[in-house]
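S.K.: Okay, here's the prediction I keep looking at, along with the sequence it came from:
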Amino acid sequence: MINPDWFKSSYSSNGGECVEVAANVPGAVPVRDSKDPEGPALTFTPAGFAAFVAGVKGGELGAV
């Protein structure tokens, strides 16, 4: 079992409302809420996560 090496984006300076991502899990990209590190994590395929990031950067997801 691989222990995820969690990190926050360097852009995460908005008062703690962040997600953390682990890039050291082969074939998966786990994502968790930084305020609940013991809570559940979502796991995406690398391609799925890349598409999500591209959508955020491209403004395709809009404000919530």
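M.R.: Looks like it arrived, so ask away.
S.K.: ok, residue 20 - how many residues close by?
M.R.: Residue 20 has 19 neighbours, counted by other CB atoms under 10 Å. C-beta here means a position set from N, CA and C on the backbone, and glycine is covered the same way.
S.K.: Spit out the contact partners of it.
M.R.: Residue 20 sits next to 6, 7, 8, 31, 32, 33, 34, 37 when contact means CB atoms under 8 Å, 6 or more residues apart in numbering.
S.K.: Kindly indicate whether it is helix, strand or coil.
M.R.: Of the three states, residue 20 takes strand under DSSP: H, G, I helix; E, B strand; the rest coil.
S.K.: now it, which residues is it bridged with?
M.R.: residue 8, residue 32 (DSSP bridges).
S.K.: separation between it and residue 62?
M.R.: 23 Å (CB to CB, to the nearest Å).
S.K.: What of residue 5?
M.R.: From residue 5 over to residue 62 the distance is 31 Å, taken as CB to CB.
S.K.: out of those two, which sits in the busier spot?
M.R.: Using other CB under 10 Å as the criterion, residue 5 and residue 62 rank with residue 5 on top: 11 against 6.
S.K.: separation between that one and residue 24?
M.R.: In this view, residue 5 and residue 24 are 4 Å apart by CB to CB.
S.K.: hmm, back to that, can the contacts of residue 20 go into JSON lines with extra columns for neighbour count?
M.R.: Below are the contacts of residue 20 laid out as JSON lines (neighbours: other CB atoms under 10 Å):
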{"residue": "6", "neighbour count": "17"}
{"residue": "7", "neighbour count": "13"}
{"residue": "8", "neighbour count": "13"}
{"residue": "31", "neighbour count": "17"}
{"residue": "32", "neighbour count": "20"}
{"residue": "33", "neighbour count": "14"}
{"residue": "34", "neighbour count": "14"}
{"residue": "37", "neighbour count": "10"}
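S.K.: CSV for these, including distance to residue 50?
M.R.: Shown next, in CSV, are these (distance: CB to CB, whole Å):
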residue, distance to residue 50
6, 19
7, 17
8, 18
31, 13
32, 18
33, 21
34, 21
37, 24
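S.K.: from the residues you listed, which two are the most distant?
M.R.: Greatest spatial distance among these (CB to CB): 7 and 33, at 14.0 Å.
S.K.: Fine, thanks again, bye for now.
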